[in-house]
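Chemist: just coords:
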């Protein structure tokens with residue numbers, strides 16, 4: 001047996017998406033990292049071994065402008081380019097290559113950590129090393145590091161170190177949670193094994209194994225949806241073990257799940273109720289995908305009220321948006337639905353205090369084991385949220401090493417540094433603003449652009465001046481989200497009228513800047529519309545009193561069976577169309593009615609309502625590229641040009657009063673975080689590269705010798721680009737010249753940062 005010791009600044013145990021993002025984040029900040037994974041592949045439950053699709057804050061399209069950025073965003077966008085069809089093995093490669101691209105990471109696959117060395121009293125312990133066994137190599141490896149991250153999901157490292165933790169459900173009274181039981185218990189969410197099926201084009205026989213369960217003797221065929229063409233995560237409800245110990249009884253749970261999968265397939269193939277003669281089982285998982293086990297106790301435990309109220313935390317470092325998604329203890333055998341969901345009105349924040357141990361001073365954690373109640377865990381547990389938590393924890397770990405402090409001290413004394421570092425890395429944090437004093441663009445630059453979209457009228461006209469659009473019957477209320485800056489005096493909508501009638505438009509505020517549904521009615525307006533097709537109906541909106549500007553305004557076009565509303569193909573980042581699907585009138589919805597689920601894009605998916613705004617909007621002005629925000633928040637926060645005409649370049653220019661020394665330039669392009677991407681097979685997005693992204697551009701500097709090209713970016717498919725110059729360049733102006741996009745008619749830049757020596 002070979003014994004060795006590996007010393008790095010940081011040790012990350014667990015190679016799921018939270019561990020991967022933690023390791024990559026720390027490595028990019030200059031720290032050395034050991035990433036230790038007990039499986040032969042990275043990705044955890046998203047890997048080809050388990051094949052759960054990566055869900056996150058979008059809630060599969062429920063929340064708007066919610067897709068994760070940062071490292072998780074990179075993974076989504078790169079996978080979309082390589083793997084639109086959702087091949088799980090290609091996804092493995094995307095994750096693996098992201099790790100291998102970082103020279104500061106040492107990767108140890110097939111290495112099971114099962115020993116932890118920790119010192120000190122119970123209330124103040126410190127981890128000195130963790131030891132793992134590398135299967136197949138007969139190597140016993142001792143990992144030493146200043147900071148340890150437990151990203152194992154089950155929380156084994158923290159448990160062995162003596163970290164405080166919870167298992168099961170807290171009592172309702174502890175956090176005043178409506179969804180918690182009256183009495184605490186040890187019930188958790190269960191585990192799942194998935195399967196894939198395939199049409200072979202010819203009859204295929206299936207003889208079930210002896211252990212296959214006769215599911216007709218259970219409630220499964222009555223209570224659950226079974227279809228011959230479904231496979232993979234459509235069968236997420238094959239869940240069991242919530243009343244057992246999901247770790248210590250893992251093998252028993254696996255055997256029960258297998259018996260049901262092979263029984264379901266027997267039912268599909270041999271019951272005669274399905275057209276499945278040509279179907280075969282292509283793949284059956286052998287590793288139960290666990291949902292829940294230990295949850296560590298940090299300096300703060302996130303709870304249901306924090307999520308539902310979208311509580312603002314001073315130490316917010318990540319966000320989520322998936323519903324509180326809890327399952328019955330009996331799993332697939334339960335008589336009730338396989339899950340129940342509660343959505344807040346929008347995304348919620350996650351505090352750094354929930355990412356480090358209350359009693360082990362150098363232990364951080366990320367993933368499903370963070371410091372959250374069982375109810376709050378019901379939303380933080382999904383993998384894209386775990387990933388952004390991982391990036392926050394890894395960034396925090398890197399700063400702890402750099403500053404020589406504990407995570408608790410980092411939170412208390414250096415929170416601004418952590419948050420600003422996350423923003424500089426384009427991590428997924430909502431509502432934070434760039435306040436980096438070293439950023440020359442934010443501090444002293446004046447900004448101009450070749451043109452700016454004003455939304456005075458949308459859409460483009462077709463050939464010969466004819467407007468190309470699609471009419472939508474106003475059988476239900478329609479919502480239009482528009483960015484207002486600085487005011488909204490009037491709205492015109494393109495409509496068809498079967499007969500003379502009235503068009504009614506309401507102006508609503510959205511409440512919180514991160515929300516995109518109507519919150520409070522400000523004013524109601526109307527105008528008369530004569531019979532006819534494709535006519536602009538003008539509504540005077542000058543009576544609306546906005547709380548602040550700039551802001552998002554939610555226009556509600558009231559239902560009217562005599563009217564049809566026009567929309568055109570294409571999207572404008574910052575403007576959205578919705579259709580209302582509630583049973584009650586909008587202004588009669590009770591509290592906790594999950595309003596965000598009632599406004600759906602439906603017929604307006606990738607379409608923009610034909611609209612004219614008076615006096616237009618400055619929401620896309622050039623200076624928005626240096627206003628400090630890298631995500632939508634009360635507005636889109638980016639520069640967007642007017643329509644790019646054939647052969648004409650669009651540019652964004654930063655000008656300084658006197659020359660500055662440029663050494664590094666950060667560009668963030670728009671990759672449309674409203675587009676819900678997926679890594680596997682839940683749905684298909686029809687383009688390999690986000691159309692809004694700049695494709696080709698030049699970065700030019702104005703020096704004593706005139707305009708000089710510093711860098712030329714071609715065939716870009718990434719959101720964040722960092723141009724490191726070989727030597728400092730003294731220049732009085734910087735210009736980003738957009739030559740082409742990946743399909744958008746607009747040039748779009750979210751942020752420009754400039755750093756000197």
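Modeler: Perfect, I can see it now. Please read all numbers here as calculations on a predicted model, not as lab measurements. Numbering: from 1, shown residues only.

Chemist: pLDDT weak spots in the stretch 451-600 of the chain?
Modeler: The stretch 451-600 of the chain contains residues with pLDDT under 70 at 460-467.

Chemist: which residues in it form strands?
Modeler: With DSSP state E, counting those that start in this stretch as the criterion, the stretch 451-600 of the chain has strands at 470-473, 478-484, 490-497, 501-509, 520-529, 532-540, 551-557, 563-569, 576-580, 599-600.

Chemist: helices or strands next to the next helix or strand after the shortest one in the packing?
Modeler: Sequence order places strand 607-609 as the next helix or strand after strand 599-600, per DSSP states H and E. Under the contact definition 3 or more Cβ pairs under 8 Å, 6 or more residues apart in numbering; DSSP states H and E, strand 607-609 sits against strand 563-569, strand 576-580. Heads up, the C-betas are built off the backbone N, CA and C, glycines and all.

Chemist: contacts for the longest one?
Modeler: Just to be clear, that refers to strand 563-569. Residues outside strand 563-569 that contact it (Cβ atoms under 8 Å, 6 or more residues apart in numbering): 458-460, 467-474, 478, 493-498, 501, 503, 529, 534, 557, 577, 603-604, 606-610.

Chemist: now the host helix or strand of residue 734: buried residues?
Modeler: For residue 734, the host element (DSSP H and E) is strand 720-741. Buried residues in strand 720-741, counted by 16 or more other Cβ atoms under 10 Å: 720-721, 725, 729, 731, 733-741.

Chemist: thinking again about what came up before, turn the helices and strands packed on strand 607-609 into a markdown table, including distance to residue 675.
Modeler: Converted to a markdown table, the helices and strands packed on strand 607-609 look like this (distance: least, Cβ to Cβ, whole Å):
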| stretch | distance to residue 675 |
| --- | --- |
| strand 563-569 | 15 |
| strand 576-580 | 12 |
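
Chemist: pLDDT score for residue 333?
Modeler: You'll see residue 333 listed with a pLDDT of 97.

Chemist: pull the contacting residues for it.
Modeler: By Cβ under 8 Å, 6+ apart, the contact list for residue 333 reads 218-220, 240.

Chemist: next: residue 698.
Modeler: Residue 698 touches 709, 711-713, 735-737, 739, counting by Cβ under 8 Å, 6+ apart.

Chemist: and with 10 Å instead?
Modeler: By Cβ atoms under 10 Å, 6 or more residues apart in numbering, the contact list for residue 698 reads 649, 651, 707, 709-714, 735-739.

Chemist: what secondary structure does it sit in?
Modeler: Here residue 698 is recorded as strand under DSSP: H, G, I helix; E, B strand; the rest coil.

Chemist: beta partners for the nearest residue to it once chain neighbours are set aside?
Modeler: If the residues on either side of it in the chain are set aside, residue 698 comes closest to residue 737, at 4.4 Å by Cβ to Cβ, 6 or more residues apart in numbering. With DSSP bridges as the criterion, residue 737 is bridged to residue 651, residue 698.

Chemist: measure residue 737 to residue 693 for me?
Modeler: To residue 693, residue 737 is 16 Å away according to Cβ to Cβ, to the nearest Å.

Chemist: next: residue 443.
Modeler: Distance of residue 443 to residue 693, computed by Cβ to Cβ: 27 Å.

Chemist: mind checking which of those two has more residues around it?
Modeler: residue 693 (20 against 13; other Cβ atoms under 10 Å).

Chemist: how close does the closest residue to residue 102 other than its chain neighbours get to residue 12?
Modeler: What sits nearest to residue 102 in space, not counting adjacent residues and going by Cβ to Cβ, 6+ apart, is residue 27, at 4.1 Å. Between residue 27 and residue 12 the computed distance is 10 Å (Cβ to Cβ).

Chemist: quick check: neighbours shared by these two?
Modeler: 33, 35, 105, 394.

Chemist: in contact with the residue lying closest to residue 590 once chain neighbours are set aside, which residues?
Modeler: Excluding the flanking residues, the one nearest residue 590 by Cβ to Cβ, 6+ apart is residue 584, at 8.0 Å. Residues counted as contacts of residue 584 (Cβ under 10 Å, 6+ apart) are 590, 593, 598.

Chemist: which of those residues has the largest number of neighbours?
Modeler: Busiest of those [other Cβ under 10 Å] is residue 598, holding 21 neighbours.

Chemist: pretty sure that one contacts residue 585?
Modeler: No. Assessed by Cβ atoms under 10 Å, residue 598 is found out of contact with residue 585, at 11.3 Å.

Chemist: show me the common contact partners of those two, please.
Modeler: With Cβ under 10 Å, 6+ apart as the test, residue 598 and residue 585 both reach residue 477.

Chemist: all the helices of this protein, in order from the start?
Modeler: Along the chain, the stretches classed as helices by DSSP state H are 17-28, 70-82, 88-100, 156-161, 172-175, 220-223, 250-270, 304-308, 374-380, 383-403, 407-413, 415-424, 440-444.

Chemist: buried deepest among the ones you listed, which one?
Modeler: Sort those by mean neighbour count, taking mean count of other Cβ atoms under 10 Å, and helix 17-28 sits at the top with a mean of 31.

Chemist: and that one, what's its mean pLDDT?
Modeler: 98.

Chemist: for stretch 196-205, same thing?
Modeler: Mean pLDDT, stretch 196-205: 96.

Chemist: name the surrounding residues that touch it.
Modeler: Contact partners of stretch 196-205, identified using Cβ under 10 Å, 6+ apart, comprise 51, 88, 228-232, 235, 265, 268-270, 276-285, 681.

Chemist: contacts for the lowest-mean-pLDDT helix or strand in the chain, please.
Modeler: Lowest by mean pLDDT, DSSP states H and E among the helices and strands of the chain is helix 440-444, with a mean of 88. Under the contact criterion Cβ under 10 Å, 6+ apart, helix 440-444 has outside partners 433-437, 447, 625-628, 654-658, 660-663, 665-666, 734, 751-756.

Chemist: what subset of these is buried?
Modeler: Using 16+ other Cβ under 10 Å as the burial test, the contacts of helix 440-444 include 434, 436, 447, 625-628, 654, 656, 660, 662-663, 665-666, 734, 751-755 as buried.

Chemist: gap between the residue nearest to residue 590 and residue 475?
Modeler: Remark: distance between residue 584 and residue 475 (Cβ to Cβ) = 16 Å.

Chemist: how is the chain divided into domains?
Modeler: When the chain is parsed with automatic domain parsing, its domains come out as 2-172+303-325+345-424, 191-284, 440-452+621-755, 463-614.

Chemist: check these for me and report the most buried one.
Modeler: Highest mean neighbour count among the domains of the chain (mean count of other Cβ under 10 Å): domain 2-172+303-325+345-424, with a mean of 22.

Chemist: now do that domain: distance to the chain's middle.
Modeler: Offset of domain 2-172+303-325+345-424 from its chain centre (Cα atoms, centre = their mean, to the nearest Å): 15 Å.

Chemist: start and end of it, how far apart?
Modeler: One end of domain 2-172+303-325+345-424 to the other measures 42 Å (Cα to Cα, to the nearest Å).

Chemist: hmm, back to that, please list all residues in contact with the residue nearest to residue 102.
Modeler: Per Cβ under 10 Å, 6+ apart, neighbours of residue 27: 8-10, 12, 33, 35, 99, 101-106, 394, 398.

Chemist: all set, thanks.
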